[in-house]
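[1] From the sequence below, what's the structure:
(one chain, ligands or ions: 1)
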Amino acid sequence: MAEDLPNLKLVILGESSVGKTALVHRFITNKFDSQTTNTIGAAFITKTYHSQKDPQRRLKLEIWDTAGQERYRSLTPMYYRNAKVALVCFDLSNFDDTFKTAKFWIDQLQLNSSSNAEDVINIRLIGNKFDLIESSTEVDTVEIQKKIDEFIISFNTHNNTNIRYNHTSAKTGSGIQELFDEIIDDIEDDFFTEFQNRTTSTTEGQIGSILDARMNGAPSSTCC
Ligand SMILES: Nc1nc2c(ncn2[C@@H]2O[C@H](COP(=O)(O)OP(=O)(O)OP(=O)(O)O)[C@@H](O)[C@H]2O)c(=O)[nH]1
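    Numbers count the residues shown, from 1 in each chain. Below is the predicted model of the structure:
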């Protein structure tokens with residue numbers, strides 16, 4: 001019988017083709033798929049996660065991979081409802097186009113957090129495809145880092161938040177396990193305390209209108 005573990009919902013947002021599905025796939029399977037297709041609607045996948053700081057602690061990580069294409073944008077808020085963590089991704093090799101969308105999602109998440117006390121969400125900004133820029137002579141990595149830093153400092157100051165930035169490569173796997181470990185390490189004490197304090201168990205409402213899902217063959221993925 002499946003064990004009843006606390007459920008931690010995490011959502012991934014960002015422009016189309018920044019590598020959201022590839023990032024999840026790398027985390028779950030430790031493989032890279034260069035032939036992905038665009039996500040339609042959203043896909044979700046679960047993974048049992050073992051705490052790095054307390055071997056007694058395990059949780060069910062429920063990862064929602066949203067579609068980045070603009071036509072699905074109006075659906076996205078329903079996927080981040082009740083999420084504890086949001087990874088907002090952009091593509092380091094296509095910075096100008098994709099960073100704009102990342103900033104848009106961060107603003108939306110912050111607005112949502114401010115208006116719904118229950119929906120306070122831990123946001124991480126993720127620059128993916130690091131492999132494509134790390135030894136490039138054409139990309140001005142210093143300038144990119146400067147823009148990221150300026151945005152984060154300004155956003156955190158104005159909104160009294162503590163958004164942090166990680167870079168990753170779904171292709172090489174660099175930074176991905178560390179990213180999840182860091183995020184969960186940051187929030188797990190509060191998360192488990194809240195779980196223990198909850199007197200009545202709540203079942204997260206299943207979202208009924210997921211249009212499609214990909215990640216064929218990945219464990220525990222759901223689609224409809
Ligand atoms: N070089 C490199 N390519 C990557 C990386 N991550 C993803 N890709 C490639 O980028 C393309 C888009 O990746 P996806 O994971 O489908 O992008 P997505 O953000 O899920 O796109 P949507 O589903 O449309 O929102 C694919 O060809 C991937 O193989 C990476 O870290 N490095």
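
[2] Torsion angles phi and psi at the most centrally placed residue in the chain?
    Residue closest to the average C-alpha location in the chain (CA atoms, centre = their mean): residue 87, at 2.7 Å. Main-chain torsions, residue 87, degrees, to the nearest 10: phi -100, psi 120.

[3] burial count for the residue nearest to it when sequence neighbours are not counted?
    Of all residues not flanking residue 87 in the chain, residue 12 sits nearest, at 4.7 Å (CB to CB, 6 or more residues apart in numbering). Quick note: C-beta positions are derived from backbone N, CA and C, even for glycine. Number of residues near residue 12 (other CB atoms under 10 Å) recorded here: 28.

[4] Repeat that for residue 198.
    Residue 198 has 10 nearby residues by other CB under 10 Å.

[5] hang on, the earlier thing: the residue nearest to the centre of the chain reaches residue 124, doesn't it?
    Yes - counting by CB atoms under 8 Å, residue 124 is a contact partner of residue 87 at 5.2 Å.

[6] who in this structure is up against the ligand?
    14, 16-22, 34, 36, 38-39, 67-69, 128-129, 131-132, 169-171 (CB under 6 Å from any ligand atom).

[7] which of these count as buried?
    Among these, those scoring as buried are 14, 16-22, 36, 39, 67-68, 128-129, 131, 169-171 (criterion: 16 or more other CB atoms under 10 Å).

[8] So which of those residues are in strands?
    Counting by DSSP state E, the part of these found in strands is 14, 128.

[9] so of the buried ones among the residues of the chain next to the ligand, which ones are in helices?
    20, 21, 22, 131 (DSSP state H).

[10] got the contact list for the residue nearest to residue 87?
    If you count contacts by CB atoms under 8 Å, 6 or more residues apart in numbering, residue 12 has them with 20, 23, 24, 63, 64, 65, 66, 86, 87, 89.

[11] Surely it forms part of a helix?
    No - counting by DSSP: H, G, I helix; E, B strand; the rest coil, residue 12 falls outside a helix, being strand.

[12] Quick check: it vs residue 107, distance?
    Relative to residue 107, residue 12 is positioned 17 Å away (CB to CB, to the nearest Å).
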